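*Asks:* Here is my input; please provide its structure:
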Amino acid sequence: MVRLSVTREDYFEAALKVLATEGHHALKMGVLCKNLGVTTGSFYNYFGNWNNFTPELLAYWEKAQTFDIVAQSAQPTDPLARVRTMKELATRVPHEAEAAIRAWSYGDPVVAQFQRRVDLERLDALRAVVHELVPDDKQSDSLALMGISLLIGMQSFRSPVDEEEFRAIFDEFEQAIMRHSPHISS
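*Replies:* Prediction:
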């Protein structure tokens, strides 16, 4: 069945699904078009070629899984609520797709550039949130690095990521932040 219309976002979501289920080696124009029920002409109409598609896909991922999470995490006024919001949103990222993007980044310089940037953006955002509760720069830097390392580690080590286990690990991370916070009494 051929679909009459798809959006750019449909392509990006389909690509993230392929990444999550089959890995980056399976991410090909023909696979996307088949999964979406469209012809390759549709793909060319939107992106022109694969080299244009890749950075657009990665920019979409960066916005949805970094910028949007950072913005939503900034909504609560209470610093502890910000930590909890960021933690909750982190459970919802497409972990398997992110693990595939990281694997893809090892062999593709464009993907590597995006991956490094996303890692640093997430580290900076987490550092800012943690710093509100743990004002000591060295401790808040260490805790932020710990949090990012936990995220990357869970994504790389567990496939699929078990949401219950993920939450338990990040509950422990939240407790570590609270233990270092002079603003929270034990």
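
*Asks:* Now do the helix or strand hosting A128: which elements does it pack against?
*Replies:* In the assignment (DSSP states H and E), A128 maps to helix 109-133. Judged by 3 or more Cβ pairs under 8 Å, 6 or more residues apart in numbering; DSSP states H and E, helix 109-133 is in contact with helix 50-62, helix 68-73, helix 79-91, helix 95-105, helix 137-157, helix 163-180. Bear in mind the C-beta positions are built from the backbone N, C-alpha and C, glycine included.

*Asks:* which ones are touching the nearest residue to L123 once chain neighbours are set aside?
*Replies:* Excluding the flanking residues, the one nearest L123 by Cβ to Cβ, 6 or more residues apart in numbering is I148, at 5.0 Å. Contact partners of I148, counting by Cβ atoms under 8 Å, 6 or more residues apart in numbering, are 119, 122-123, 126.

*Asks:* Just send those residues back as CSV, with distance to E56 too.
*Replies:* Listed next are the contacts of I148 as CSV, based on distance: Cβ to Cβ, whole Å:
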residue, distance to E56
D119, 20
R122, 20
L123, 24
L126, 26
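
*Asks:* who wins for neighbours among those?
*Replies:* L126 (26 neighbours; other Cβ atoms under 10 Å).

*Asks:* Is that one in contact with M86, as I believe?
*Replies:* Yes - assessed by Cβ atoms under 8 Å, L126 is found in contact with M86 at 6.8 Å.
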